[in-house]
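Undergrad: Here is my input, please return the structure:
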Amino acid sequence: MSAGAVIVVLLIGLLITVALWAAILDETSNATVMDRAEAERFARERGGRGPKQSQSRSSETGADAKDGRNDGYGWTDEPSEDDRR
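TA: Residues are numbered from 1 along each chain as shown. Take a look at the predicted model:
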């Protein structure tokens, strides 16, 4: 009886794996190829990538690299002696 249950569980796992593989294959088989400008326009039409989201992350948060928050972590805007060589 337990051998039959193991076989059933293995078959269910195999079926789930094959179904997932088939779904991924179907989703990626007809990929739309577009340039960057067209992709950004398409994303805006679908509700993503607004004008502020396309800027860098530090400019969105208002974080300035020289505001002192990176002090103590060894991160600076100045190159180290090793970088200058």
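
Undergrad: drop to CA atoms for contacts and neighbour counts, all remaining ones
TA: Will do.

Undergrad: Point to the helix or strand of this protein where mean pLDDT is at its lowest.
TA: Of all the helices and strands that make up the chain, helix 57-61 has the lowest average by mean pLDDT, DSSP states H and E, namely a mean of 48.

Undergrad: Identify the single longest helix in this protein, thanks.
TA: helix 2-28 (DSSP state H).

Undergrad: can you pull the buried residues of the helix or strand just after that helix?
TA: Using DSSP states H and E, the helix or strand that follows helix 2-28 towards the C-terminus is helix 36-45. By 16 or more other CA atoms under 10 Å, the buried positions in helix 36-45 come out as Glu40.

Undergrad: name the helices or strands packed onto helix 36-45?
TA: Packed against helix 36-45 by the contact rule (3 or more CA pairs under 8 Å, 6 or more residues apart in numbering; DSSP states H and E) you find no helix or strand.

Undergrad: Tell me where the model's unsure across the protein.
TA: Applying pLDDT under 70 to the chain flags residues 49-80, 82-85.

Undergrad: rerun at 50
TA: Flagging of the chain using pLDDT under 50 yields the residue ranges 54, 56-61.

Undergrad: Gly4: how many residues sit nearby?
TA: Gly4 has 9 neighbouring residues, counting by other CA atoms under 10 Å.

Undergrad: which residues touch it?
TA: With contacts defined as CA atoms under 8 Å, 6 or more residues apart in numbering, Gly4 has no neighbours.
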